[in-house]
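S.K.: kindly generate the corresponding structure for this input.
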Amino acid sequence: MNAVLITGGTGKTGGALTGLLRERGVPVRVASRTPAAGDPDAVRFDWADPATHAAALRGTDRVYLVPPVSTLDPLPLVEPFLAAADRLGVRRVVLLASALVFPGSDGALELAERVRARPGGVVLRASGFMQNFLAPHPMGERILRHGEIRTASGTGRVGWIDARDIAAAAAAVLTAPEDAPHGRTDGRSGERTDDRSDHLLTGPAALSYRDAAEILTRHTGRTVRVVPVEPGELAATYRAAGLPDVFAASLAAVDANLRAGRDDLVSTAVLDLTGRPPRTFAEFLRDHTAR
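M.R.: As a prediction, the model looks like this:
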């Protein structure tokens with residue numbers, strides 16, 4: 001069996017996916033800009049350096065593709081990689097995309113369409129990460145330091161998902177036979193369709209930030225409050241945390257979509273793909289009490 005190349009191999013989903021595939025005896029190549037010296041499967045990979053793409057892809061036939069972070073248009077950086085994957089005979093590309101609507105992210109949407117159109121291409125559209133409530137994410141840092149969540153989302157809700165459940169879904173798709181009947185699962189009802197190239201990944205329930213703060217308070221014993229702010233103020237917070245200006249503004253504008261209810265979605269995709277339900281927010285918190 002050829003190996004699975006995991007881009008973002010040391011990240012939130014990539015690290016968990018690496019562990020899952022190794023447990024199943026699946027060969028992996030763990031791609032990152034600074035590969036671990038003690039990991040024989042680690043390989044240097046830099047989106048901005050196409051010379052690293054082909055070297056990372058050699059000996060692999062499946063790819064878990066995590067696009068460059070903090071950019072609204074990953075396509076110029078990812079196109080050379082996909083071309084190299086074609087030349088080297090990669091049979092399956094599984095793209096991690098966002099289910100949340102980022103204003104100005106037409107390039108990311110085009111990338112998802114290109115992956116869907118590829119033979120063996122699958123797009124996993126993940127909702128908001130539960131790991132965002134942990135440091136070093138800017139929201140997690142503010143919870144840790146100030147006991148507050150700043151948001152412009154009002155009562156809007158998100159189907160928060162644990163990154164480990166995203167990894168489990170990715171592992172299921174990457175190791176399934178090419179003709180496996182895993183249907184698409186989408187929307188509030190989780191209705192299945194025949195499209196096997198697209199899956200909406202969410203947790204088991206949609207929660208507002210106020211819901212999340214109440215659960216945080218109950219399970220940690222520390223009061224966490226929600227502070228309503230305007231999108232401009234939220235963008236300034238993200239910029240202060242080191243995010244690029246345009247990306248910070250788009251990330252803050254996501255809250256306006258939440259307020260309008262555009263991301264109040266829950267699907268059964270994790271259960272359908274893995275055979276077990278996704279973790280609840282309370283379960284996630286119990287697993288990360290020390291943080």
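S.K.: in the helix ranked longest in the chain, what counts as buried?
M.R.: The helix that spans the most residues within the chain, counting by DSSP state H, is helix 245-259. Across helix 245-259, burial judged by 16 or more other Cβ atoms under 10 Å covers 247-259. C-beta coordinates here come from the backbone N, C-alpha and C atoms, glycine included.
S.K.: in JSON lines: those, plus pLDDT and distance to T220.
M.R.: Shown next, in JSON lines, are those (pLDDT from 0 to 100; distance: Cβ to Cβ, whole Å):
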{"residue": "F247", "pLDDT": "92", "distance to T220": "30"}
{"residue": "A248", "pLDDT": "91", "distance to T220": "28"}
{"residue": "A249", "pLDDT": "93", "distance to T220": "31"}
{"residue": "S250", "pLDDT": "93", "distance to T220": "30"}
{"residue": "L251", "pLDDT": "89", "distance to T220": "25"}
{"residue": "A252", "pLDDT": "90", "distance to T220": "26"}
{"residue": "A253", "pLDDT": "91", "distance to T220": "30"}
{"residue": "V254", "pLDDT": "92", "distance to T220": "25"}
{"residue": "D255", "pLDDT": "90", "distance to T220": "24"}
{"residue": "A256", "pLDDT": "86", "distance to T220": "29"}
{"residue": "N257", "pLDDT": "88", "distance to T220": "28"}
{"residue": "L258", "pLDDT": "93", "distance to T220": "23"}
{"residue": "R259", "pLDDT": "92", "distance to T220": "26"}
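S.K.: just the CA trace of whichever helix or strand comes after the longest helix of the chain, in CSV.
M.R.: Later in the chain than helix 245-259, the nearest helix or strand by DSSP states H and E is helix 269-274. This file holds the C-alpha atoms of helix 269-274, laid out as CSV (Å, rounded to 0.1, in the frame of the first residue of the first chain):
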residue,chain,number,x,y,z
ALA,A,269,-21.8,13.0,8.3
VAL,A,270,-19.4,12.0,11.1
LEU,A,271,-21.7,9.2,12.2
ASP,A,272,-22.3,8.1,8.6
LEU,A,273,-18.6,8.0,7.8
THR,A,274,-17.1,6.7,11.0
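S.K.: gap between the helix or strand just after helix 269-274 and the chain center?
M.R.: Later in the chain than helix 269-274, the nearest helix or strand by DSSP H and E is helix 281-287. Put simply, helix 281-287 sits 18 Å off its chain's centre (Cα atoms, centre = their mean, to the nearest Å).
S.K.: packing partners for helix 281-287?
M.R.: helix 209-220 (3 or more Cβ pairs under 8 Å, 6 or more residues apart in numbering; DSSP states H and E).
S.K.: how far off helix 245-259 does the helix it packs on point, in degrees?
M.R.: 90 degrees (axes from the mean of the first three to the mean of the last three Cα atoms, to 10 degrees).
S.K.: list the contacts of helix 209-220.
M.R.: Helix 209-220 has contacts (Cβ atoms under 8 Å, 6 or more residues apart in numbering) with 133, 143, 149, 151, 153, 155, 157, 160, 207, 222-226, 281-282, 285-286, 289.
S.K.: and if you look at stretch 277-291?
M.R.: By Cβ under 8 Å, 6+ apart, stretch 277-291 touches 130, 134-135, 160-162, 164-165, 201-205, 207, 212, 215-216, 219-220, 270-271.
S.K.: which among these end up buried?
M.R.: 130, 134, 160-162, 164-165, 201-204, 207, 212, 215-216, 219, 270-271.
S.K.: still on that earlier bit, now intersect the contacts of helix 209-220 with the helices, please.
M.R.: Those of the contacts of helix 209-220 lying in helices (DSSP H): 143, 281-282, 285-286.
S.K.: give me the buried entries from those.
M.R.: Counted by 16+ other Cβ under 10 Å, the ones in helices among the contacts of helix 209-220 give 143, 281, 285 as buried.
S.K.: identify the residue spatially nearest to the first one, adjacent ones excluded.
M.R.: By that I understand I143. V224 (5.9 Å; Cβ to Cβ, 6 or more residues apart in numbering).
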